[in-house]
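# sequence? don't have it. structure:
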């Protein structure tokens, strides 16, 4: 049972344009969401997070939007740069439970120069 | 520099052999984790440890064992009982269990000869 789903395995965008990566979840107890970025043969690095009390969190070129009613979150990267090319994982946790982080399958983003 | 060190970067296992993956952190984090990544899948939790001399099974613990004799170290043994061990293994730590974010090592690629 995949509680966190990233339905697009890959995404290709032109440099300077917006990249939108999507993530859906099924567990209504999830109240904290994170995005990680991973380069090949490296470990993921934390990118940005959002608590369920917010619907938007921004950090430079990266913005995460949370739609609780739709159980959907998205990561916007504006403007996209070639160095953003990586695999992006969304993750979710329920603080009232074990708080265990559940990861999605990942989306490979390619930003073309 | 503080961080998480995983070794070796590449490891080969023969049939019926146990192998141990090393994970060391100097971040003074209490919690440590082992994840497995397979192509097209998210990170799946194998084991985690909240404090020294204590650890819990994750979602896919069968065929694996761990120890936590020191705060800094959380080695993972892939036993011969693990029938499909080929994967990318990631170790992570956090300040406290399921803290705000996980810090990952650079991973170990395990392959079967």
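Ah, there it is. Given the structure is predicted, the values throughout are model-derived calculations rather than measurements.

# Stretch A:36-54 and chain B in contact?
Yes - shown here: stretch A:36-54 in contact with chain B (C-beta under 8 Å from any C-beta of the partner chain) through A:36, A:41-46, A:49. Where you see a C-beta, it was placed from the backbone N, CA and C, and this is true even at glycine.

# Report the two of these separated the most.
A:41 and A:49 (24.7 Å; C-beta to C-beta).

# Between these two, which is the more surrounded one?
Between residue A:41 and residue A:49, counted using other C-beta atoms under 10 Å in any protein chain shown, residue A:49 has the larger neighbour count: 18 against 11.

# contacts for the helix or strand in which the more buried one is found?
Taking DSSP states H and E as the criterion, residue A:49 maps to strand A:45-51. Applying C-beta atoms under 8 Å, 6 or more residues apart in numbering or on different chains, the contact partners of strand A:45-51 are A:31-38, A:56-57, A:59, A:62-64, A:66, A:73, A:75, A:88, B:100-104.

# Partner strands of it, with direction?
If you go by DSSP bridges, strand A:45-51 pairs up with strand A:32-38 (antiparallel).

# Contacts for the partner strand next, please.
Counting by C-beta under 8 Å, 6+ apart, A:21, A:23, A:25, A:44-52, A:62, A:64, A:66, A:73, A:75, A:86-95, A:101, A:103, A:106, B:101, B:104 sit against strand A:32-38.

# ok, back up a step: among the residues of stretch A:36-54 next to chain B, which one sits closest to residue B:90?
residue A:43 (5.4 Å).

# Please tell me how far the closest one sits from residue A:79.
Distance, residue A:43 to residue A:79, using C-beta to C-beta, to the nearest Å: 26 Å.

# before we move on, what about residue B:80?
Distance, residue B:80 to residue A:79, using C-beta to C-beta: 51 Å.

# what's the answer for residue A:30, then?
In this structure, residue A:30 lies at 30 Å from residue A:79, with C-beta to C-beta as the measure.

# More neighbours: the two, which one.
Using other C-beta under 10 Å, the more surrounded residue of residue A:30 and residue A:79 is residue A:30, with 21 against 14.

# show me what contacts the residue nearest to the more buried one when sequence neighbours are not counted?
Distances taken as C-beta to C-beta, 6 or more residues apart in numbering or on different chains put residue A:92 closest to residue A:30, at 4.1 Å, once the chain neighbours are dropped. Contacts for residue A:92 were tallied using C-beta under 8 Å, 6+ apart; they are A:3-4, A:25, A:27, A:30, A:32-34, A:101-102.

# Contact partners for residue A:79?
If you count contacts by C-beta under 8 Å, 6+ apart, then residue A:79 has A:15-18, A:61 around it.

# repeat for residue B:81
Contacts of residue B:81 by C-beta under 8 Å, 6+ apart are B:62-63.

# again, 7 Å this time
residue B:63 (C-beta atoms under 7 Å, 6 or more residues apart in numbering or on different chains).
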